[in-house]
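> Pasting a predicted model and its sequence here:
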Amino acid sequence: MTREDVDLAVEWTAQEGWNPGLHDAESYYAVDSNGFLIGLLGDEPIATISVVKYGDAFGFLGFYIVKPGHRGNGYGKRIWDAGLRYLEGRTIGLDGVLAQQENYKRSGFSFAYRNVRYEGCGGGRAPQHAGLVDLASVPMDAVESYERPFFPAERSYFTRSWIAQPGANALGILRDGKLVGYGVMRPCRSGSKIGPLYADSPELAETLFLALKAEAPAADRVYLDVPEVNRAAVALARRHDMQAMFETARMYKGEAPVIDLERLFGVASFEIG
């Protein structure tokens, strides 16, 4: 894909009801500009997939869409196979809709856990916490270091772009000068999404969540994508009257990476990990 093609892929995700962020494409393309594939029938784009490479051993698959009217003709399989060839030899992650789980299993993917999207309202009172800071005031190497337990590979370029995207709110919490949690909220086609949300304790996660949510208008919707295996994260969403909308299956082809799910309260993106 060209950079402009990624905008088309994002638009297709919006049509599928995935509610992408308004400025996601720039951050996505920054990760791996060669990892976005488009299938053409003549000059018509009819299929997309992203297969971005992280480091030397990990990749993430997303944006797997065939345009309505062209489904069932084998075009999806062709772009799927091309994507897997690009990531050959790596562990591959994806967040798949439940209806596709069996297809992914046939390609060698194994179920790891579920991610659940919760929907609630914006607004509310921001908590008073002495350690709350604008994440931009924290040295970037400290932010990148803090994120490392939550993702299988280094991805500093993505993190920098994600935090700095237009309209985003990024907050951290410091304790004795050390980062103990951070979260990002970005504008989406509908409302805003909080993600990632990392914290050393459920209490710190809740402080970040409430501080970010307070920045959204009360009439807007706020979304949080929660790893279901983190019971404290699920409890956080439910405690603030958020309702489960849908879920995805986090699956891996190859050895599943070890990530710190107990401190991961919100996923950055279903499309890119």
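Arrived safely, thanks for sending.
> Helices of the stretch 151-273 of the chain, residue ranges please.
Applying DSSP state H, counting those that start in this stretch to the stretch 151-273 of the chain gives helices spanning 156-164, 202-213, 231-239.
> So which residues make contact with the second one?
Outside helix 202-213, the residues that touch it by C-beta atoms under 8 Å, 6 or more residues apart in numbering are 120, 122-127, 129, 132, 169, 171, 173, 180-185, 194, 197-199, 222, 224, 232-233, 235-236, 240, 265-266. Quick note: C-beta positions are derived from backbone N, CA and C, even for glycine.
> What are the buried residues along it?
P202, L204, A205, E206, T207, L208, F209, L210, A211, L212, K213 (16 or more other C-beta atoms under 10 Å).
> okay, the angle between that helix and helix 231-239?
Going by axes from the mean of the first three to the mean of the last three C-alpha atoms, to 10 degrees, helix 202-213 is angled at 40 degrees with respect to helix 231-239.
> and if you look at the first one?
Taking the same axes, to 10 degrees, helix 156-164 and helix 231-239 form an angle of 20 degrees between their directions.
> about what we covered before: from the contacts of helix 202-213, list just the buried residues.
For these, a neighbour count by 16+ other C-beta under 10 Å gives the buried set as 120, 122, 124, 129, 132, 169, 171, 173, 180-185, 194, 197-199, 222, 224, 232-233, 236, 240, 265-266.
> follow-up on the earlier one: Throw the buried residues of helix 202-213 into a markdown table and include distance to G55 and pLDDT, thanks.
Shown next, in a markdown table, are the buried residues of helix 202-213 (distance: C-beta to C-beta, whole Å; pLDDT from 0 to 100):
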| residue | distance to G55 | pLDDT |
| --- | --- | --- |
| P202 | 30 | 98 |
| L204 | 28 | 98 |
| A205 | 27 | 98 |
| E206 | 32 | 98 |
| T207 | 32 | 98 |
| L208 | 27 | 98 |
| F209 | 30 | 98 |
| L210 | 34 | 98 |
| A211 | 32 | 98 |
| L212 | 29 | 98 |
| K213 | 33 | 98 |
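> just these now: which is nearest Y28?
Lowest distance from Y28 to the buried residues of helix 202-213 (C-beta to C-beta) belongs to L212, with 21.4 Å.
> Once you drop chain neighbours, what's closest to the closest one?
M185 (4.2 Å; C-beta to C-beta, 6 or more residues apart in numbering).
> Quick check: bridge partners of that neighbour?
Residues in a beta bridge with M185, per DSSP bridges, are N169, I194.
> wait, doesn't it sit right on G191?
No: M185 is beyond contact range of G191, at 9.9 Å (criterion: C-beta atoms under 8 Å).
> who touches both of those two?
A216, V222.
> show me the contacts for T91.
A57, F58, G59, P152, Y252, K253, G254, E255, A256, P257.
> Next one: the fifth one from N34, what distance?
Distance, Y252 to N34, by C-beta to C-beta, to the nearest Å: 22 Å.
> Then the third one?
Plainly put, G59 is 12 Å away from N34 if you go by C-beta to C-beta.
> where do the contact lists of these two overlap?
With C-beta under 8 Å, 6+ apart as the test, G59 and N34 both reach K53, Y86.
> Could you find the closest non-adjacent residue to L197?
Distances taken as C-beta to C-beta, 6+ apart place G266 nearest to L197, at 3.1 Å, with adjacent residues excluded.
> How about D5?
I38 (5.2 Å).
> so where does the one you found fall, helix or strand?
strand 36-41 (DSSP states H and E).
> Now do the same for the residue located most distally from the centre of the chain: its pLDDT.
Here the chain reaches farthest from its C-alpha mean at G42, the gap being 32.3 Å by C-alpha atoms, centre = their mean. G42 is assigned 96 on the pLDDT scale.
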